[in-house]
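[1] pasting a predicted model and its sequence here:
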Amino acid sequence: MPAVSAAFCCFRRTAEGAEVLLVHPGGPYFAHRDEGVWSIPKGLAEPGEELLETARREFTEEVGAPPPAGSVIELGEVRQRNGKRVVAFAAESDDPALAFVCSNDFELEWPPRSGELQRFPECDRGAWCSLAEAKRVLVEAQGELIDRLQEVLAGELR
């Protein structure tokens, strides 16, 4: 059975349109990559854990601040190229202070086969991105979640 991750997509409305808060993976493998590697804050669900609670926990771990409280939008599930299932939720934030602060660290043998363990941040930066920019920089399958969010937001305007 493929792993299941839960994601929490924080969005805000600006004069130019909606934006989402994304994170860039830390560590040496992604240091010089941009397009197609960013993510909605997410992580693996613990056995028996509710997916919304996983999404909230992972957002806090990866962004360094709790996700917004209030109404939650279910964005459904996508399957990434590696087979991982991602179930996503979204909520709006009007808190101008909410932005990437810091994330948890992980250990990795680096350089490879050196026997040395180094610590790297799980996410090395975050950014508010327009929906179009998000689709350009996100892991490909997560672009569908942005499309779903855009449909919800467009429906609110009718």
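    The structure has been received and is ready for your questions.
[2] can you show me the helices along this structure?
    Using DSSP state H, the helices of the chain run over 51-63, 131-137, 143-156.
[3] can you tell me which of those is packed in deepest?
    Per-stretch averages of neighbours, counted by mean count of other C-beta atoms under 10 Å, single out helix 51-63 among the helices of the chain, with a mean of 20. Just so you know, the C-beta spots here come from the backbone N, C-alpha and C atoms, and that holds for glycine as well.
[4] on that earlier part again, closest to residue 75 out of the helices of the chain?
    Closest approach to residue 75 among those is made by helix 143-156 (4.7 Å; C-beta to C-beta).
[5] low-confidence regions, this protein specifically.
    The chain contains residues with pLDDT under 70 at 1-2, 96-97, 99-101, 157-158.
[6] residue contacts, the residue nearest to the spatial centre of it?
    With distances taken as C-alpha atoms, centre = their mean, residue 40 lies nearest the centre of the chain, 1.6 Å away. Contacts for residue 40 (C-beta atoms under 8 Å, 6 or more residues apart in numbering) come out as 7, 8, 9, 20, 22, 23, 86, 88, 138, 142, 145.
[7] mind redoing it with 10 Å?
    Residue 40 makes contact with 5, 7-10, 20-23, 55, 58-59, 62, 75, 86, 88-90, 134, 138-139, 142, 145-146, 149, according to C-beta atoms under 10 Å, 6 or more residues apart in numbering.
[8] related to what we said a few turns ago, tabulate the helices of the chain (JSON lines), appending distance to residue 120.
    Below are the helices of the chain laid out as JSON lines (distance: least, C-beta to C-beta, whole Å):
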{"stretch": "helix 51-63", "distance to residue 120": "13"}
{"stretch": "helix 131-137", "distance to residue 120": "20"}
{"stretch": "helix 143-156", "distance to residue 120": "26"}
